[in-house]
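Undergrad: Need the 3D shape of this:
(one chain, ligands or ions: 1)
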Amino acid sequence: MNTVRWGIVGTGAIAHGVAGDFQFVPGAELTAVASRTRSKAQAFATKHGVPRAYGSYAEMLQADDIDVVYIATPHPQHRDVALSAIANGKAVLVEKAFTATLDGARQIVKAARENGVFAMEAMWTRFLPVVAAAREVVAWGRIGDVVSVQGDLYAYREFQPEHRLFAKELGGGAILDLGVYVVNFAQAFLGDVKSVDCITRLYPSGVDSAANISLAHTGGGLSSLAVGFDGHGPGRMAIIGTKGWIEVEPRFHHPSMITIHRNGVLPRIIEAMPTGRGYSHEFAEVTQRIREGHTESPTMPLEDTLEVMRVLESCLRQAGIKHCDAELTLV
Ligand SMILES: NC(=O)c1ccc[n+]([C@@H]2O[C@H](COP(=O)([O-])OP(=O)(O)OC[C@H]3O[C@@H](n4cnc5c(N)ncnc54)[C@H](OP(=O)(O)O)[C@@H]3O)[C@@H](O)[C@H]2O)c1
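TA: Residues are numbered from 1 along each chain as shown. Predicted coordinates for the structure are as follows:
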């Protein structure tokens, strides 16, 4: 396969945010966009120079000349769009949180594996150059054994009950939207989790406005993480090792600088700017993997996505919140 042809599902904030990054991805072509509303698809296509606009998701998911779809709907609307794409032989890049439930995530993973189709969670942070550098610093043993990950992602948002960040039926709440970043980061550096402790504050809409998450990892590491929509916070992250630590400079989910602190040595700074708005790196990964006939990314494997979803669901259970994946009719 030479050119990998992409279709975007949904024309909301992140779809507009990422569209310009396809120009930086070798071998990728943004071919189509689908909306539930034809005029929105058309407006998106005109704005971003996308050749084709579909007024229904199903129509694009069935098109012969699309290889991979980027799913940019609210979390509960990820599962059924992904399942339909996979059933039509399309690869999927699914926005974070991967789904609204662990069961929904398992269904996507099962379908992708059974159909031999590429699938990945759009956790762009893992693909940013400076995060890759942090992984190398750790792999070289520069900070010794990693024993802890500590950080926050506070991102203040005015409470608007109908907005997807706060509405229960749209998968609202800080755990799924922001918790996914901190838990994913901790899992990337400390591995799977054996116990989860989560305390939360809730909005009147019944979803969480903030959460403190403590994780004990199976390898012995401990993570201390905090997220919230109801306060302003730095978005710092530290990777703590037996010989030093790495400070991931704010905001850690899209950083361009890390500082490495080691006992008795002056701090060392590594800077690496992302290309475009930072989404090009995950698109490049997916494009390359599909061209090479792979069905997963070793940097963001599906088992890691399932583990993160398991932790998030445990947090939600402790908060007394039960989300659902929406039943969609995609014909
Ligand atoms: N990686 C990142 O940096 C990042 C940043 C923001 C968001 N995200 C993720 O991307 C996803 C979308 O977030 P967003 O902020 O772009 O949301 P948004 O602005 O609300 O847009 C979501 C889009 O999904 C479509 N949609 C399908 N069913 C819907 C429903 N029942 N209600 C509302 N919209 C529906 C709509 O497009 P049509 O009307 O065109 O069908 C809508 O414009 C979320 O999973 C979020 O976590 C990722």
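Undergrad: Please name the residues that touch the residue of the stretch 101-250 of the chain found nearest the ligand.
TA: In the stretch 101-250 of the chain, the residue that lies nearest the ligand is Arg164 (4.5 Å; Cβ to the nearest ligand atom). All C-beta spots, glycine's among them, are computed from the backbone N, C-alpha and C. Arg164 is in contact with 74, 170-172, counting by Cβ atoms under 8 Å, 6 or more residues apart in numbering.
Undergrad: hmm, 6 Å instead?
TA: Contacts for Arg164 (Cβ atoms under 6 Å, 6 or more residues apart in numbering) come out as 74, 170.
Undergrad: secondary structure class for it?
TA: Following DSSP: H, G, I helix; E, B strand; the rest coil, Arg164 is assigned to coil.
Undergrad: Any chance of the backbone angles for it?
TA: phi -60, psi -20 (degrees, to the nearest 10).
Undergrad: and it, how far is that from Ile108?
TA: Distance, Arg164 to Ile108, by Cβ to Cβ, to the nearest Å: 20 Å.
Undergrad: Same check on Val196?
TA: In this view, Val196 and Ile108 are 22 Å apart by Cβ to Cβ.
Undergrad: of those two, who's got more company?
TA: Legend: neighbour count by other Cβ atoms under 10 Å for Val196 and Ile108, higher for Ile108 (28 against 19).
Undergrad: Could you look up the SS state of Asp65?
TA: Relying on three-state DSSP, one would call Asp65 coil.
Undergrad: for Leu153, which residues make a bridge with it?
TA: For Leu153, the beta-bridge partners are Val227 (DSSP bridges).
Undergrad: so how many other residues sit close to it?
TA: The number of residues packed near Leu153 is 25, by other Cβ under 10 Å.
Undergrad: give me every residue that touches it.
TA: 178, 181-182, 227, 235.
Undergrad: Sitting in strands, which of those do you find?
TA: Cross-referencing the contacts of Leu153 against strands under DSSP state E gives Val227.
Undergrad: Could you dump the contacts of Leu153 into a markdown table with pLDDT and distance to the ligand added?
TA: What follows is those, written out as a markdown table (pLDDT from 0 to 100; distance: Cβ to the nearest ligand atom, whole Å):
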| residue | pLDDT | distance to the ligand |
| --- | --- | --- |
| Leu178 | 98 | 9 |
| Tyr181 | 98 | 9 |
| Val182 | 98 | 14 |
| Val227 | 99 | 13 |
| Gly235 | 98 | 13 |
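Undergrad: Serialize the contacts of Leu153 to CSV and add fields for neighbour count and distance to Val18.
TA: Compiled in CSV, those are given as follows (neighbours: other Cβ atoms under 10 Å; distance: Cβ to Cβ, whole Å):
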residue, neighbour count, distance to Val18
Leu178, 29, 18
Tyr181, 26, 16
Val182, 28, 22
Val227, 30, 22
Gly235, 22, 20
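Undergrad: Residues in contact with stretch 269-286: which ones?
TA: By Cβ under 6 Å, 6+ apart, the surrounding residues in contact with stretch 269-286 are 18, 21, 24-25, 28, 93, 120, 122, 124, 127-130, 133, 254, 256-259, 297.
Undergrad: which of these are close to the ligand?
TA: Here is what survives when these are matched to the ligand using Cβ under 6 Å from any ligand atom: 122, 124.
Undergrad: which of the contacts of stretch 269-286 count as buried?
TA: Listed as buried from these are 18, 21, 24-25, 28, 93, 120, 122, 124, 127-130, 133, 254, 258, 297; burial here means 16 or more other Cβ atoms under 10 Å.
Undergrad: Which of the residues you listed fall in helices?
TA: Counted as lying in helices by DSSP state H, out of the buried ones among the contacts of stretch 269-286, are 18, 129-130, 133.
Undergrad: Take these and lay them out in JSON lines including pLDDT.
TA: Listed next are these as JSON lines, based on pLDDT from 0 to 100:
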{"residue": "Val18", "pLDDT": "98"}
{"residue": "Pro129", "pLDDT": "98"}
{"residue": "Val130", "pLDDT": "98"}
{"residue": "Ala133", "pLDDT": "98"}
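Undergrad: ok, so of those residues, who is nearest Ala100?
TA: Taking Cβ to Cβ as the measure, Ala100 sits nearest to Val18 out of those, at 21.1 Å.
Undergrad: Enumerate every residue touching that closest one.
TA: Neighbour list for Val18: Tyr279 [criterion: Cβ under 6 Å, 6+ apart].
Undergrad: swap in Ser209?
TA: By Cβ under 6 Å, 6+ apart, Ser209 lies in contact with 201, 203, 229-230.
Undergrad: nearest residue to it other than its sequence neighbours?
TA: Of all residues not flanking Ser209 in the chain, Asp230 sits nearest, at 4.2 Å (Cβ to Cβ, 6 or more residues apart in numbering).
Undergrad: Check Val130 too.
TA: Once flanking residues are discounted, Val130 sits nearest to Ala272: 4.3 Å by Cβ to Cβ, 6+ apart.
Undergrad: Could you measure from Gly241 over to Ala63?
TA: Gly241 is 48 Å from Ala63, by Cβ to Cβ.
Undergrad: Those two - which one has more neighbours?
TA: Counting neighbours by other Cβ under 10 Å for Gly241 and for Ala63 shows that Gly241 has the greater number, 22 against 18.
Undergrad: Alright, that wraps it up for me.
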